[in-house]
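Engineer: Could you work out the structure for the sequence below:
(chains A, B, C and D)
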Number of protein chains: 2
Amino acid sequence: MDAQASTRDRIVQAAMELFWRKGYGSTSIADILETAQVNSGSLYYFFKGKQELLVAVLEAYRDGIGPMLLEPSWGEVEDPVDKVFALLGTYRRLLVETDCFYGCPIGSVALELHEPDPEVRELIAANFANWTQAVKTRLDEAGLAEKTDTLALAEMVLNVMEGGVMQTRTHRDIGYFDRALEQLRNYLDCLKKE
Amino acid sequence: MDAQASTRDRIVQAAMELFWRKGYGSTSIADILETAQVNSGSLYYFFKGKQELLVAVLEAYRDGIGPMLLEPSWGEVEDPVDKVFALLGTYRRLLVETDCFYGCPIGSVALELHEPDPEVRELIAANFANWTQAVKTRLDEAGLAEKTDTLALAEMVLNVMEGGVMQTRTHRDIGYFDRALEQLRNYLDCLKKE
DNA sequence: GACTTAGTTGAACGTTCAATCAACAAGGAT
DNA sequence: ATCCTTGTTGATTGAACGTTCAACTAAGTC
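Structural biologist: You can find the predicted model right below:
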């Protein structure tokens, strides 16, 4: 363990946390500086500005999705479909632990930025694509009907997850997420029977 | 036709447009004043502040969902399931017309505000609930399997729509929305067969 | 010991923002 | 004629914001 993380890492860490909890726009540089226990000059030594910091955060998510999200989610699980629901279970736990306040950090930023920089937009897209690709691979192993478009189905899983997070957050009720998962399970059962 | 809308209406109208296009946070009062051709004093005569204006906008959406969104969407359509897809088609048209920039105005605000005022949160929830309820009523008419939970299914439709909008916006590709609708159609077909 | 480089400091800057307020206008009521 | 209500004006305020910069420290190099 690092007894003390580097200044740069502390800044990225703090930004990750705050962008997730408060959103990009509502997080001030001052917030980040305080959380990271760093002075403004240091931040601008490593990053050109707030947006470049967002880029670093999105890159960290992109590079960390495997070891930080996927592998912990389906570590002990065997069945491929169960792995998909284990992943969704991680988001569920996140919601429950935060009283239905905080959901998917990527989705949050994706909808907040209305006219994002191309670099930022492509990083968000890459994050979604990685997620979807990983789910598609599980679905390919699941032995669904031959003709099934597993990529479209994986995109559907992402849609339902993000939508479920959104409704759960606005209603402050995990039931919305649970019913979304139920419907998804039901759909996959349909596809298995065919 | 009103030859000249009231000042208050012009302000709400302008705020509606700008919150949709730029988001709540990125829309400044100055933006609204310019768009509505109104002076700041007039705005603060009618509204206590920016947030009370958001409340007025959300109330306008809530009260207008029938005549402005639902009825125009499924005016000529007969079949209940077709009506649902006609509604989703309206969102699709919106996306296409804006080069995949602008989606659902409510979803946009819902994910942007991380710790919204209770009044605002409840208005967003009411908007979602109205939408979902209208879809549920169509689904009830659709002759699905007896045991089908049509409310959960209607929530699923909303989830898929919002998720599809989100992915289409970030990839700037309507294909994501279209595949989402395809999956939804496929699921409903499954439910009909049972 | 002189010089270079990487990293840090925090006050200060210019801008943008939501919000305020004293003054004014027009119409109806008394 | 006077007053009250409703509505409008736009310059002004002060806080918050992202960003800059000249000065500084510590460690490494020759």
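
Engineer: so residue A:110 is in which element?
Structural biologist: Element membership for residue A:110 (DSSP states H and E) is helix A:105-112.

Engineer: what distance separates that helix from the centre of its chain?
Structural biologist: On the basis of Cα atoms, centre = their mean, to the nearest Å, helix A:105-112 sits 9 Å off its chain's mean C-alpha point.

Engineer: next helix or strand past that helix?
Structural biologist: helix A:118-140.

Engineer: where does chain A dip in pLDDT?
Structural biologist: A:1-4, A:194 (pLDDT under 70).

Engineer: At the geometric centre of it, which residue do we find?
Structural biologist: The centre of chain A sits closest to residue A:104, judged by Cα atoms, centre = their mean, with a distance of 4.2 Å.

Engineer: before we move on, back to that, anything in the helix holding residue A:110 near chain B?
Structural biologist: Yes. Contact of helix A:105-112 with chain B (Cβ under 8 Å from any Cβ of the partner chain) involves A:107, A:108, A:110, A:111, A:112. From N, CA and C alone the C-beta is placed, and that goes for glycine too.

Engineer: wait, what's in contact with residue A:26?
Structural biologist: With contact taken as Cβ atoms under 8 Å, 6 or more residues apart in numbering or on different chains, residue A:26 is in contact with B:25, B:114.

Engineer: burial of whichever residue of chain A sits closest to DNA strand C, as a residue count?
Structural biologist: For chain A and DNA strand C, the shortest gap (Cβ to the nearest atom of the strand) falls at residue A:41, measuring 2.0 Å. Residue A:41 has 8 neighbours, counted by other Cβ atoms under 10 Å in any protein chain shown.

Engineer: Equivalent analysis for the one 5 residues further on, please.
Structural biologist: A count of neighbours around residue A:46, defined by other Cβ under 10 Å, yields 16.

Engineer: any idea how far residue A:30 is from it?
Structural biologist: Distance of residue A:46 to residue A:30, given as Cβ to Cβ, to the nearest Å: 17 Å.

Engineer: can you check residue A:69 too?
Structural biologist: 29 Å.

Engineer: How about residue A:81?
Structural biologist: Residue A:81 is 46 Å from residue A:30, where distance means Cβ to Cβ.

Engineer: Same check on residue A:151?
Structural biologist: To residue A:30, residue A:151 is 43 Å away according to Cβ to Cβ.

Engineer: The two - which one has more neighbours?
Structural biologist: residue A:151 (15 against 9).

Engineer: follow-up on the earlier one: which helices and strands does the helix holding residue A:110 pack with?
Structural biologist: Identification of packing neighbours for helix A:105-112 by 3 or more Cβ pairs under 8 Å, 6 or more residues apart in numbering or on different chains; DSSP states H and E yields helix A:7-22, helix A:50-64, helix A:118-140, helix A:150-171, helix B:105-112, helix B:150-171.

Engineer: What strand or helix carries residue A:84?
Structural biologist: Counting by DSSP H and E, residue A:84 is part of helix A:80-97.

Engineer: which other residues reach that helix?
Structural biologist: Defining contact as Cβ under 8 Å, 6+ apart, one finds that helix A:80-97 is touched by A:69-70, A:72-74, A:77, A:101-104, A:135, A:138-139, A:141-142, A:157, A:161, A:165, A:168-169, A:174, A:177-178, A:181, A:184-185, A:188.

Engineer: Just the buried ones out of these, please.
Structural biologist: Among those, the ones that count as buried by 16 or more other Cβ atoms under 10 Å in any protein chain shown are A:69-70, A:73-74, A:77, A:102-104, A:135, A:138-139, A:142, A:157, A:161, A:165, A:168-169, A:177, A:181, A:184, A:188.

Engineer: what's the distance between residue A:114 and residue B:19?
Structural biologist: With Cβ to Cβ as the criterion, residue A:114 and residue B:19 are 10 Å apart.

Engineer: so what's in contact with the two at the same time?
Structural biologist: Taking Cβ under 8 Å, 6+ apart as the criterion, residue A:114 and residue B:19 both touch residue B:108.
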